[in-house]
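Asks: Sequence plus predicted model, see below.
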Amino acid sequence: MRFLRNYRVGISAIILLTFFSCSKKEEFVSEPISDYIPLQTGKYITYRLDSLVFTNFGSNTEIHRYQVKHEVDQQITDNLGRPSWRVFTYIRDSAGTQPWVPNGSYFITPTAQQTELIEDNLRVIKMHLPIREGFQWHGNSYMPDEPYGASYDFSNDIDIENWDFTYDVFESEWTYRNQTYGDVVTVEQQDESENAPVTNVGNYGYKNRSVEKYSKSIGLVYRQYELWEYQPNPSGTPYTTGFGITLWMIDHN
């Protein structure tokens, strides 16, 4: 009987030790969002920007190229009474030969669990804790129905508030157009399309593509945001409506 009691105690000790060892291994401590969206007065990032536009009543496709600079101004209070940071934007020609021209502003509001960006009265949750591969959140949950309806006659944005933002890939190094960035996390937001690029002019087509990449200690280094819709318009001229931007970092302080 003594042997049996000792045996049971031994088994119990092993089970407890295994439980605590597994718990310790499964413990996950997230990096702070501030590592990937650092905010301080005077910080700036300069980007190359390719803007996709549809002209001549949607019958022509053009790419307009610029440089843009995002510069953190100062800490303020947002309309909900929360500490926030104001960011000014500037624009110039793609070669950088002309002076910077003011181009607007937006606000970044960090909270305990997430960081929000508010621009043109649209609020997006850019990052959310924990920063872990596969973690998802509804980044556009504050978006109204059809947020671009006043400017574009398309249906792409009807379900935009339900997009799943996901931490997809963590890379020690990532290169785009001869620019290399270190410690990059990718936030996949949406990737769906039909007949895009348009190869069958007689069929409807559309594209929703949204993805961002953040480099540790720097901030946003790449963004693609493209929403457009093609209408074959059998009774008239086919047309495309929507917009797209692709930007990537070329300088920062």
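Replies: Structure's in. What do you need? Numbering: from 1, shown residues only.
Asks: in which helix or strand would I find residue 251?
Replies: strand 239-252 (DSSP states H and E).
Asks: Direction included, what does that strand pair up with?
Replies: The pairing partners recorded for strand 239-252 under DSSP bridges are strand 44-55 (antiparallel), strand 219-231 (antiparallel).
Asks: ok, residue 57 to residue 240 distance?
Replies: Using C-beta to C-beta, to the nearest Å, residue 57 is found at 10 Å from residue 240. (Each C-beta comes from the backbone N, C-alpha and C, glycine too.)
Asks: So between those two, which is more surrounded?
Replies: The neighbour count for residue 57 versus residue 240, taken as other C-beta atoms under 10 Å, is higher for residue 240 (21 against 11).
Asks: so that one makes contact with residue 54?
Replies: Yes: using C-beta atoms under 8 Å, residue 240 is in contact with residue 54, at 4.7 Å.
Asks: what residues are shared contacts of those two?
Replies: 61, 228 (C-beta atoms under 8 Å, 6 or more residues apart in numbering).
Asks: which residues in this protein form strands?
Replies: Under the criterion DSSP state E, strands of the chain are mapped to 44-55, 60-77, 83-93, 101-110, 114-119, 122-128, 136-137, 165-176, 179-194, 205-215, 219-231, 239-252.
Asks: The closest residue in space to residue 31 that isn't next to it in sequence and residue 212: what is the separation?
Replies: Leaving aside its chain neighbours, residue 31 sits nearest to residue 131 (5.1 Å; criterion: C-beta to C-beta, 6 or more residues apart in numbering). Remark: distance between residue 131 and residue 212 (C-beta to C-beta) = 13 Å.
Asks: Most tightly packed of the strands paired with strand 239-252?
Replies: Across those, averaging neighbours per residue (mean count of other C-beta atoms under 10 Å) puts strand 219-231 on top, at a mean of 21.
Asks: dump the residue contacts of the closest residue to residue 71 other than its chain neighbours.
Replies: Excluding the flanking residues, the one nearest residue 71 by C-beta to C-beta, 6+ apart is residue 44, at 4.0 Å. For residue 44, the contacting residues are 69-72, 252-253, by C-beta under 8 Å, 6+ apart.
Asks: do residue 72 as well
Replies: Per C-beta under 8 Å, 6+ apart, neighbours of residue 72: 39-44, 85-87.
Asks: Closest one to residue 100 out of those residues, please.
Replies: residue 44 (10.5 Å; C-beta to C-beta).
Asks: wait, residue 202 sits on residue 230?
Replies: No: using C-beta under 8 Å, residue 202 is not in contact with residue 230, being 10.6 Å away.
Asks: What is the burial count for the nearest residue to residue 130 once chain neighbours are set aside?
Replies: Excluding the flanking residues, the one nearest residue 130 by C-beta to C-beta, 6+ apart is residue 30, at 3.5 Å. Residue 30 is flanked by 12 other residues according to other C-beta under 10 Å.
Asks: do you know how far the residue nearest to residue 242 when sequence neighbours are not counted is from residue 94?
Replies: Spatial nearest neighbour of residue 242, excluding adjacent residues (C-beta to C-beta, 6+ apart): residue 228 at 2.7 Å. Taking C-beta to C-beta as the measure, residue 228 and residue 94 are separated by 22 Å.
Asks: OK, contacts around the closest residue to residue 89 other than its chain neighbours?
Replies: Leaving aside its sequence neighbours, residue 89 sits nearest to residue 103 (C-beta to C-beta, 6+ apart; 4.6 Å). If you count contacts by C-beta under 8 Å, 6+ apart, residue 103 has them with 68, 89-91.
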